[in-house]
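J.: I'd like to go over a predicted model; first the sequence, then the structure.
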Amino acid sequence: MLTAKRPALRRLWMIDRSLRAKQYPTAKQLAEIAEVDDKTIRRDLEMLRDTYLAPVEYNHSKGGWGYTDETYHLPAVLITEGELLALFLASQTLQMVQGTSHANDLQRAIQKLSEFLPDTISLHWQALDQAQSFRQTVTTLHDIDIFRELVEAALHSRQLRVRYWTASRDAESERVIDPYHLAYVEGSGWYLLAYCHARKATRMFAPARIRELSQTGETFTRPADFKISDFFDGTFKVVSESTLPLKKIRLRFTPSAAKYIREQVFHATQQLEKNADGSVVLELSLRSLIEVRRWILSWGSECEVLEPAELKADIRREAAAILKQSTARPEVSTTSTLEKIQQREKRRQGGRQKRIG
C-alpha cells in the first residue's frame, strides 16, 4: 500500500505528541520514528520554538526533549473541518471518474491537500484493480453528515455512541467508541479506526454502515503508541488479521493478463518476476488471505496460485463449488424471444398451408 510522504507539518504533530506524553525523546529517536535524519528533527524543534512559540527545551536530567509548560498544545487543526468535508466529497468524486482522463488530475489535487492533514486523517493510495469492474456509488446527505461528525470527533477527541450495522451478521448494535483515525483507502473508501468499549479493542468501522451517532459528552486521549501503519501492515486492502504471521504469496499470471499486472502497483511489498513465455509471477507479503483470495478469483483462469499451499487449496475449493453450482442448475434455453416468435409463426404458417391444401 502506498501512502503520502510525511511532510513537515505531520512531523511537528508527531513531535508534539511525544513531548506532551513526557517521553523525553532524543533527536535520534524522533528521527527514527519520522524516518528522517537528526538535522531535520533539530530544524523541526527550532520551528516549534520560533514559529509556534512552543516551550521546547532539552531536559538534561531526563536525557531528552520536552515542554517546560505542560499546558502547551500545538494547534491541531491547520486545515478546517469544511476543507476536510470537501476532501471527503472529492474522494467520492474520484471513485466516480476513475478510468477517465480526469482521474489523475483529481488524485494529484487530493494528494497535495493530504499534506496538510492532521495525524487523525490519512490517505492510502494504491492502483485500482483493472480486473474488477468499477461500480459507481451515490453519496447521500446522510453520508456527508456522518463524515462531518466523525471528522469533528476525531479532531477534538470526542467520544461517540453509534448504531452500527455489521454485514457478516446482518444486524445492528449500539457501540460507544473513541474515534482515533479516519483513513481513505483507494478503491475501498473511508474507514474509521476507533476504540470500541464493547469489544475492549481498537476496531475498524466503515462510516457508511453507521446508521446513527451522537456525542456522549466524554473526551478521550489517544494512546501515544497508536500507529496507523499497524492496522494496514500485512493487509491487501483493509482486512486486518494482525495476529497472523506474514505469508509469501506467489501468483502466476498468463501473458494476456501480464500486461495489466506489469503496469500497476497492487501492494507496497510486491515484486515482479518476468518469464520467457510472457507470463509474470507476482509476489506479495500478506497476513490475511481474505481479500487477495477474492481478487485472485476475479482473474479466473488467468491467475494461478503458486504459494502458499493453503491459498492454493482455498482457490481449488472455491472453483469446485462454482462448478458444482453451475452444473446443478437446469440448463436454460438460449433461444431468444424473437427466435421463439419466429418459430411459432413458421409453424402457424405451415399449418395454415396444410389446411388450404
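T.: Received it, and whenever you're ready, just let me know what you need.
J.: Helix or strand with the lowest mean pLDDT in this structure?
T.: strand 2-3 (a mean of 34; mean pLDDT, DSSP states H and E).
J.: Could you identify the helix or strand that succeeds it?
T.: Scanning forward in sequence from strand 2-3 by DSSP states H and E, the next helix or strand is helix 8-20.
J.: I'd like to know which elements that following helix is packed against.
T.: helix 27-34, helix 38-50, strand 64-67 (3 or more C-beta pairs under 8 Å, 6 or more residues apart in numbering; DSSP states H and E). C-beta coordinates here come from the backbone N, C-alpha and C atoms, glycine included.
J.: just these: most buried one?
T.: strand 64-67 (a mean of 20; mean count of other C-beta atoms under 10 Å).
J.: returning to what we had before: would you format the helices and strands packed on helix 8-20 as CSV with mean pLDDT and distance to residue 319 included?
T.: Formatted as CSV, the helices and strands packed on helix 8-20 follow (pLDDT from 0 to 100; distance: least, C-beta to C-beta, whole Å):
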stretch, mean pLDDT, distance to residue 319
helix 27-34, 88, 45
helix 38-50, 89, 52
strand 64-67, 92, 57
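J.: Grab the nearest non-local neighbour of residue 176.
T.: residue 197 (4.4 Å; C-beta to C-beta, 6 or more residues apart in numbering).
J.: List the contacts of that neighbour.
T.: 175, 176, 177, 178 (C-beta atoms under 8 Å, 6 or more residues apart in numbering).
J.: quick one on the thing from earlier: can you say which of the helices and strands packed on helix 8-20 is nearest to residue 282?
T.: With C-beta to C-beta, the closest approach to residue 282 among these belongs to helix 27-34: 31.3 Å.
J.: And the contacts of the closest one?
T.: Under C-beta under 8 Å, 6+ apart, the answer for helix 27-34 is 6, 11, 14-15, 18, 25, 37-38, 40-42, 44-45, 64-65.
J.: rewinding a little: let me know which of the helices and strands packed on helix 8-20 is the nearest to residue 268.
T.: helix 27-34 (18.4 Å).
J.: Using PDB, write out every CA atom in the closest one.
T.: Only the C-alpha atoms of helix 27-34 are listed here, as PDB (Å, rounded to 0.1, in the frame of the first residue of the first chain):
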ATOM      1  CA  ALA A  27      16.500  13.800  18.400                       C
ATOM      2  CA  LYS A  28      17.800  10.400  17.100                       C
ATOM      3  CA  GLN A  29      14.700   8.600  18.500                       C
ATOM      4  CA  LEU A  30      12.400  11.200  16.800                       C
ATOM      5  CA  ALA A  31      14.300  10.900  13.600                       C
ATOM      6  CA  GLU A  32      13.800   7.100  13.500                       C
ATOM      7  CA  ILE A  33      10.100   7.400  14.100                       C
ATOM      8  CA  ALA A  34       9.700  10.100  11.400                       C
END
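J.: tilt between it and helix 38-50?
T.: Using axes from the mean of the first three to the mean of the last three C-alpha atoms, to 10 degrees, the inter-axis angle of helix 27-34 relative to helix 38-50 is 100 degrees.
J.: what pLDDT does residue 153 get?
T.: At residue 153, the pLDDT value in this model is 88.
J.: Could you give me the buried positions within the helix or strand where it lies?
T.: Residue 153 belongs to helix 141-156 when assigned by DSSP H and E. Under the neighbour-count criterion of 16 or more other C-beta atoms under 10 Å, helix 141-156 has 143, 146, 147, 149, 150, 151, 152, 153, 154, 155 buried.
J.: so after that helix, what's the next helix or strand?
T.: With DSSP H and E setting the assignment, the helix or strand that follows helix 141-156 is strand 158-166.
J.: That next one - contacts with which helices or strands?
T.: Here strand 158-166 touches helix 141-156, strand 171-185, strand 210-219, going by 3+ C-beta pairs under 8 Å, 6+ apart.
J.: now do 7 Å
T.: Packed against strand 158-166 by the contact rule (3 or more C-beta pairs under 7 Å, 6 or more residues apart in numbering; DSSP states H and E) you find strand 171-185, strand 210-219.
J.: Go ahead and name everything in contact with stretch 288-303.
T.: 129, 131-132, 234-237, 239-241, 244, 249, 251, 253-254, 256-257, 286, 305, 311, 314-315, 318 (C-beta atoms under 7 Å, 6 or more residues apart in numbering).
J.: what is the rounded mean pLDDT of it?
T.: Per-residue scores along stretch 288-303 average to 90.
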